[in-house]
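S.K.: Output the structure for:
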Amino acid sequence: MKQLNKQPIPQEIGAFALQALLYEAALYPKPGLVDPVSCGAHVDMNYFTFIDSSAALAPFFTEYVSLGLAHDGTPFDLFKKVRLLGQHAETAMLNKTNGINTHKGANFSFALLLSATGKIIQEKKRVIPFSKKDTSEVFDYVKQMTNGLLAKDFADLSQKPQLSYGEQLYLKHGILGIRGEAEAGYPALKNTALPFLRKNCENEQRTTFLLLLLHLMATIEDSNLIKRGGIQAWHSVKQQAAELLQDFSANFSEERLEKELVFFDQVLIEKNLSPGGSADLLALSFFFGRLEGLF
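M.R.: Predicted coordinates:
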């Protein structure tokens with residue numbers, strides 16, 4: 001039976017989000033990504049940059065939840081509130097990191113998902129830990145919050161004098177980015193990451209999340225990879241991750257997993273490739289794992 005917790009809900013859930021960012025940063029080894037041992041394919045940031053960035057965002061995580069808990073209006077009204085607060089959070093992050101973008105995508109997603117979590121708790125009288133159904137309701141609410149977001153944000157792109165990289169990808173290749181993932185209700189989390197965590201939550205935690213990272217790298221649309229290496233590089237990384245997973249299914253050991261991921265890290269460093277989209281989804285997966293009490 002679920003039990004109400006004594007700690008205030010915004011602080012408790014915000015702490016889960018902070019823990020998720022810190023855990024993702026600390027997980028080792030992650031191909032092409034920053035961890036305590038390797039800076040991956042990044043020359044402008046290291047593990048401590050991610051610690052600073054996480055600390056800067058932490059107060060806003062609590063505020064996102066509070067906005068959802070107090071919200072009385074349409075899902076789009078809540079979206080407008082959290083997007084404004086999210087812009088303040090991004091400024092605080094960039095001030096702390098001297099302009100280095102560590103968690104822009106993660107902040108966008110946490111703003112949506114934390115506020116939606118607060119709203120579901122308020123509206124449906126949910127308590128922690130969440131059930132699978134409770135989590136699904138959060139994703140459904142985010143879909144309502146972001147309905148039409150791509151059409152609004154990418155309207156009249158052909159008339160703009162200067163396009164962001166995300167806008168260029170959308171026009172040239174139809175890449176939807178994190179906006180598309182949000183508008184679809186985070187299918188990468190709902191259909192890939194969380195079923196994997198629920199199935200493997202009793203297994204060794206570090207190994208589980210390293211394997212989950214490979215699953216995400218093998219399946220998701222990662223605009224960070226595309227930005228650094230193009231469409232072909234993204235497909236190549238997906239294929240390499242999928243091949244590793246298939247190989248591990250027949251011949252797995254934790255020692256071999258670490259060895260192969262260290263080698264994969266070197267490969268991506270040489271090619272200047274970083275699967276940052278997978279890293280963000282890994283952190284979000286950890287958050288929902290904590291929210292559901294999986295570990």
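S.K.: So which elements touch the least confident helix or strand in the chain by mean pLDDT?
M.R.: For the chain, using mean pLDDT, DSSP states H and E, the weakest element among its helices and strands is helix 165-173, scoring a mean of 82. If contacts are counted by 3 or more C-beta pairs under 8 Å, 6 or more residues apart in numbering; DSSP states H and E, helix 165-173 sits against helix 177-183, helix 223-250. Yep, even glycine has a C-beta here, placed from its N, CA and C like the rest.
S.K.: Now do that helix: distance to the chain's middle.
M.R.: Averaged C-alpha coordinates place helix 165-173 at 21 Å from its chain's average position (C-alpha atoms, centre = their mean, to the nearest Å).
S.K.: before we move on, the earlier item: need the helices and strands packed on helix 165-173 in JSON lines with mean neighbour count, distance to Gln19 and mean pLDDT, can you?
M.R.: Listed next are the helices and strands packed on helix 165-173 as JSON lines, based on neighbours: other C-beta atoms under 10 Å; distance: least, C-beta to C-beta, whole Å; pLDDT from 0 to 100:
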{"stretch": "helix 177-183", "mean neighbour count": "21", "distance to Gln19": "21", "mean pLDDT": "94"}
{"stretch": "helix 223-250", "mean neighbour count": "17", "distance to Gln19": "23", "mean pLDDT": "95"}
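S.K.: which one of the ones you listed lies closest to Arg290?
M.R.: Between Arg290 and the helices and strands packed on helix 165-173, the shortest separation by C-beta to C-beta is 20.5 Å, and it involves helix 177-183.
S.K.: where does the chain dip in pLDDT?
M.R.: Low-confidence segments of the chain, defined by pLDDT under 70, are located at 1-7.
S.K.: What's the separation between the residue of it most remote from its centre and Leu171?
M.R.: Each residue of the chain has a distance to the centre, and by C-alpha atoms, centre = their mean the biggest one is for Gln159: 31.3 Å. Applying C-beta to C-beta, to the nearest Å, the value for Gln159 to Leu171 is 12 Å.
S.K.: With Ser236 instead?
M.R.: Applying C-beta to C-beta, the value for Ser236 to Leu171 is 23 Å.
S.K.: pretty sure Thr146 contacts Ala182?
M.R.: Yes - with the criterion set as C-beta atoms under 8 Å, Thr146 and Ala182 qualify as a contacting pair; they are 4.7 Å apart.
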